[in-house]
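Participant: Starting from these lines, generate the structure:
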Amino acid sequence: MVIARSMDYGELLDSLRGGRAALWSCRTCARLCGLAGDEAVERLERRLLQDGVEMSPATAVSASCLQDKVGAKISAAALDDAETVVALCCDIGAEMLASALPGKRILLPTVTLGQGARAGDGTILLCRSELLEVPEGGLPAEEACRILGLSFGPFA
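Facilitator: Here you go, the predicted model:
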């Protein structure tokens with residue numbers, strides 16, 4: 001999946017003020033799109049802490065779209081004291097997370113653009129999308145984001 005930010009850092013910060021939050025990170029598509037992965041999550045967590053957000057430890061899962069992987073991580077994660085879990089993953093991953101944490105506020109600050117691929121040079125290509133017409137051979141994700149008025153890459 002190709003995933004982009006649907007809000008900027010300021011909007012994310014505003015939505016987390018006044019409560020404890022935890023970051024949920026997918027190490028598959030979201031990592032390849034620059035939104036998640038250890039370094040991106042550490043930078044975002046550090047910035048949120050500096051800006052006064054109380055944080056529970058971040059949790060990373062190999063693939064948020066796989067219910068068994070989510071379930072195994074949920075049982076081992078320290079998410080109980082977080083009022084909001086920020087899902088740095090695709091919309092399907094956020095659905096799996098929400099189903100594993102009924103009653104927990106799941107904030108999805110991303111939008112899933114569609115199916116994609118990674119070119120030999122590392123460029124993320126959007127190959128199929130319901131949001132815009134994609135030429136044969138794909139459209140670089142950064143270009144798709146410009147067209148749609150979205151941002152590609154990490155929050156911090």
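
Participant: Would it be right to say that residue 87 lies in a helix?
Facilitator: No. Assessed with DSSP: H, G, I helix; E, B strand; the rest coil, residue 87 is strand; it does not lie in a helix.

Participant: burial of the closest residue to it other than its chain neighbours, as a residue count?
Facilitator: Excluding the flanking residues, the one nearest residue 87 by Cβ to Cβ, 6 or more residues apart in numbering is residue 94, at 4.2 Å. C-beta: built from backbone N, CA, C; applies to glycine. Neighbour count for residue 94, taken as other Cβ atoms under 10 Å: 24.

Participant: ditto for residue 132
Facilitator: 12.

Participant: buried set for the longest helix along the chain?
Facilitator: Secondary structure of the chain per DSSP state H: the longest helix is helix 38-50. Across helix 38-50, burial judged by 16 or more other Cβ atoms under 10 Å covers 40-41, 44-45, 48.

Participant: Looking at the residues you listed, which is nearest residue 20?
Facilitator: residue 48 (10.9 Å; Cβ to Cβ).

Participant: ok, now which ones touch the closest residue to the closest one other than its chain neighbours?
Facilitator: Excluding the flanking residues, the one nearest residue 48 by Cβ to Cβ, 6+ apart is residue 55, at 6.0 Å. Counting by Cβ atoms under 8 Å, 6 or more residues apart in numbering, residue 55 makes contact with 20-23, 45, 48-49.

Participant: Same check on residue 99?
Facilitator: Residue 99 neighbours (Cβ under 8 Å, 6+ apart): residue 67.

Participant: Farthest from the middle of the chain: give me that residue.
Facilitator: The C-alpha centroid of the chain is most remote from residue 136, which lies 26.7 Å away (Cα atoms, centre = their mean).

Participant: which stretches of this protein have low pLDDT?
Facilitator: Applying pLDDT under 70 to the chain flags residues 75-77.
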